[in-house]
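Enquirer: Dropping the sequence and predicted coords here.
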Amino acid sequence: MTVKRLVFIPLLLGLTLLTTTLEAAPADSAVMQAGSPTLQPFSDLTAVTGETSAALSALGSVAARRVASLQFQTSGTVQGVYVQVGDYVSAGEVVADLDASDAWQTYYQALLNLESAQLSLEVLQQPPSEDDLRVARANITSAQAAYSSAANPVSAEQLAAAQISYENAVLQQQALETARRHMNGSANEIAQAEAQIGAASFNTEIARLQLEELQTTDSSSAWSASIRIRQAQLQLQQLQAGPTTSELANAQLAIERAQATVQNAQTALQQIQLVAPISGYVTAVNIAAGDTVSTGSAAVVISDLSQLQMTVPINELDINQVKEGMNATIQLDALNDLAIPGTVEQVGWIASTSSDGIVTYAVVVSLNTPDARVRLGMTGEATIETGGTGS
């Protein structure tokens, strides 16, 4: 039993297929080529010489009005073929696909990159947290303290005092951390203890920076400290002002680029599938699982057998008698007991010349019959009722 699969990619119904729709094609596309060894065109004049014929007859073969020739849009290895000749398929069914391991990996990575770009924009748009502002203000305080130390001569007493201040800050932080490790209090008490440790850590860092500045002052320290103050102030101002227009535009551009990458990955996934564009019967399967395929060749052919037609060549001397909408009768060689009514659908405008110099034009005649015995490729004769008159 042949397994059929439906399209499994959500946004992925845009598969490009090379579809030959004979219904919309001009009649000239079906004209027999010069030198064709198949059916020879002729016209029967049913009236006597000097009269236009009341009917014209020509040979042809039964074909589907709509035929879809499916091609892969990318090269690869065939993973599966889910139909065989004679199967009926509905429009939208997956009839074959290629190995997609690399394509799926690329698609998932593209989704992750898109989520990352979207998250970056969200973070950029959020107002600064209290922690961010506290750190920015602390940086200003630290820079100002460094400037004060660099701008004033450092005495031994000041250096000793800074050393003691730093050591006391370290001892206080260590004491708080020791107490926290041995604490077995409530969640609120633990949170308060951790907040005290954070404040102590902040004080320790300030003391360390102050001591370091006292120990390393030189002639350029005051100037450097003033620059750091200005930088810290600008950082705080940027936090309070929020993102710039340029930053927002760049973040949005990153999202758009990520979206384009996702769409490209989706297209690649679509290209590994052959999806039936029409409902009909599979009339050719030219691939098998494991085959290596490339673009440009028909892998699966689907024909809509609900609408049949016959293309016949009409001699250039008679073509002006044929009009669209004229009635016709088709007699098939294999079903000589069946007279099939038909209608002229298209009259060609481009001539075809055979090897013996006969010029003909292609005329498409639809077959109006539900008879299931009529098959593709059956040969026969179409007689077009032209309604000719005497001269």
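Expert: Looks like it arrived, so ask away. Numbers count the residues shown, from 1 in each chain.
Enquirer: Pull up the gap between the nearest residue to D371 once chain neighbours are set aside and Q266, please.
Expert: In this structure, D371 finds its nearest non-sequential neighbour in L338, 6.3 Å apart by C-beta to C-beta, 6 or more residues apart in numbering. Every C-beta, even on glycine, is put in place using the N, C-alpha and C of the backbone. Relative to Q266, L338 is positioned 50 Å away (C-beta to C-beta, to the nearest Å).
Enquirer: Ok, Q307 next?
Expert: Here the criterion is C-beta to C-beta. By it, Q307 lies 33 Å from Q266.
Enquirer: what do you get for G92?
Expert: 17 Å.
Enquirer: follow-up on the earlier one: looking at L338 and Q266, which has the bigger crowd around it?
Expert: For the pair L338 and Q266, the greater number of neighbours falls to Q266 (19 against 14), based on other C-beta atoms under 10 Å.
Enquirer: part of a strand, is that one?
Expert: No. Remark: Q266 does not belong to a strand; assigned using DSSP: H, G, I helix; E, B strand; the rest coil, it is helix.
Enquirer: pLDDT value on I255, please?
Expert: pLDDT recorded at I255 is 93.
Enquirer: In which helix or strand does it reside?
Expert: Mapping I255 onto the secondary structure by DSSP states H and E places it in helix 245-271.
Enquirer: list the buried ones in that helix?
Expert: When neighbours are counted by 16 or more other C-beta atoms under 10 Å, the buried residues of helix 245-271 are found to be 251, 254-255, 258, 261-262, 265-271.
Enquirer: and of those, the nearest to E167?
Expert: E167 has its nearest neighbour among the buried residues of helix 245-271 in A251, at 46.0 Å by C-beta to C-beta.
Enquirer: can you pull the contacts of that closest one?
Expert: A117, S120, L121, L124, P243 (C-beta atoms under 8 Å, 6 or more residues apart in numbering).
Enquirer: Lowest pLDDT pick from the residues you listed?
Expert: Taking pLDDT as the measure, the contacts of A251 have their low point at P243 (73).
Enquirer: I figured that one hits L124, correct?
Expert: Yes. Under the criterion of C-beta atoms under 8 Å, P243 is in contact with L124, at a separation of 4.8 Å.
Enquirer: just for this protein, where's the confidence low?
Expert: Counting by pLDDT under 70, the chain shows low-confidence ranges at 1-53, 149-154, 216-222, 241, 388-391.
Enquirer: quick one: the spatially most central residue of it and T292, what's the gap?
Expert: Closest residue to the average C-alpha location of the chain: T267 at 2.6 Å, with C-alpha atoms, centre = their mean. T267 sits 21 Å away from T292, taking C-beta to C-beta as the criterion.
Enquirer: Now do R230: how many residues are near it, please.
Expert: When neighbours are counted by other C-beta under 10 Å, R230 registers 12.
Enquirer: and it, what element?
Expert: Element membership of R230 [criterion: DSSP H and E] is helix 221-241.
Enquirer: other SSEs contacting that helix?
Expert: Helices and strands touching helix 221-241, by 3 or more C-beta pairs under 8 Å, 6 or more residues apart in numbering; DSSP states H and E, are helix 130-151.
Enquirer: Any idea how far the helix it packs on is from the middle of the chain?
Expert: From the chain centre to the centre of helix 130-151 is a distance of 52 Å (C-alpha atoms, centre = their mean, to the nearest Å).
Enquirer: From here on, call the first residue 33.
Expert: New numbering, starting at 33: the last item is helix 162-183.
Enquirer: So which bits of the helix or strand following that helix are buried?
Expert: Once the chain leaves helix 162-183, the next helix or strand it forms, by DSSP H and E, is helix 188-213. Buried positions in helix 188-213, judged by neighbour count with 16+ other C-beta under 10 Å: A194, S197, Y198, A201, V202, Q204, Q205, L208.
Enquirer: Now the element after helix 188-213, going C-ward?
Expert: Counting by DSSP H and E, the next helix or strand C-terminal to helix 188-213 is helix 219-247.
Enquirer: Alpha carbons of the helix or strand encompassing V126, as CSV, please.
Expert: Assignment of secondary structure by DSSP H and E places V126 within strand 125-130. Taking only C-alpha atoms (Å, rounded to 0.1, in the frame of the first residue of the first chain), the coordinates of strand 125-130 have been written out as CSV:
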residue,chain,number,x,y,z
GLU,A,125,-0.1,16.1,-0.7
VAL,A,126,3.6,15.5,-0.3
VAL,A,127,4.5,13.0,-3.0
ALA,A,128,8.3,12.8,-2.4
ASP,A,129,11.0,14.6,-0.4
LEU,A,130,14.8,14.9,0.0
